[in-house]
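>>> output the structure for:
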Amino acid sequence: MKKAVLFDCDGVLIDSERYYLQGTVEWLNQMRILVEIKDLIPMIGTTYQRTIEILMRYTNESYETTLKRNEDYFHEHPLPFAQLVKPNVYALLKQLKAMDVKMAICTSSPVRDLKLILKQTHFDDYVHYYVSGDELKASKPDPMIYLQAAGKLMVEPSQCLVVEDSPIGIAAGKAAGMTTVALVDPLLNLDTTKADGLINDMIEVMDWVK
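Residues are numbered from 1 along each chain as shown. Below is the predicted model:
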């Protein structure tokens, strides 16, 4: 039985990635830059800085200007995190808590977004530790974020289960020496071939914990 479950956040605990991608498509289209969601898939699982760097390829503007355009759009169209929680997430968190399995959230999203997510979803009623990639020197696919979480929870990497959705996140979990499963999103069709296993619903995490 695994002693800890380490969750990615966007695309795993909350169904936010399509919202982010669609919003980004909209503001780029407003600039008469024609892109589709599939063009922006490389942003998934990256840090916010890397996301802006990818968007600069389309805007042909400076980092600061591209950042401001993105910030302005999502300030006017904030994500309703509480409404985007994936099915059966709370049921899973309650079961894991009842079993005394330790939990952490390890996300590449900015600290600001992580705090908003916790405030709206109350995931911190269940998880023991949470960390943003912004707080670390190395981001996914580097394993640092998962190794740090395991250390904080005082659990050996081999006793941790990582739940991810993106190839970058899967690589981080595997590099940390942890069993890594991927939640499949058929609409985004991300490469999950390197995961140890696939799940279609968050409650299936229990099959990998036991």
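>>> this protein: strands as residue ranges?
Per DSSP state E, the chain has strands spanning 4-7, 102-107, 129-132, 160-164, 179-183, 197-199. These are given in chain order.
>>> quick one: the helices in this structure?
Secondary structure of the chain (DSSP state H): helices located at 17-30, 48-59, 63-76, 89-98, 111-121, 144-153, 167-175, 205-209.
>>> now mean neighbour count, distance to P141 and mean pLDDT too, for the strands of the chain, in TSV please.
Every C-beta, even on glycine, is put in place using the N, C-alpha and C of the backbone. Shown next, in TSV, are the strands of the chain (neighbours: other C-beta atoms under 10 Å; distance: least, C-beta to C-beta, whole Å; pLDDT from 0 to 100):
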stretch	mean neighbour count	distance to P141	mean pLDDT
strand 4-7	26	15	98
strand 102-107	24	13	97
strand 129-132	20	16	95
strand 160-164	27	10	98
strand 179-183	24	11	98
strand 197-199	15	19	98
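>>> the ones you listed: which one's closest to I145?
Closest approach to I145 among these is made by strand 102-107 (4.6 Å; C-beta to C-beta).
>>> which other helices and strands contact that closest one?
Helices and strands touching strand 102-107, by 3 or more C-beta pairs under 8 Å, 6 or more residues apart in numbering; DSSP states H and E, are strand 4-7, helix 89-98, helix 111-121, strand 129-132, helix 144-153.
>>> on that earlier part again, of the helices of the chain, which stretch is the most buried?
helix 167-175 (a mean of 24; mean count of other C-beta atoms under 10 Å).
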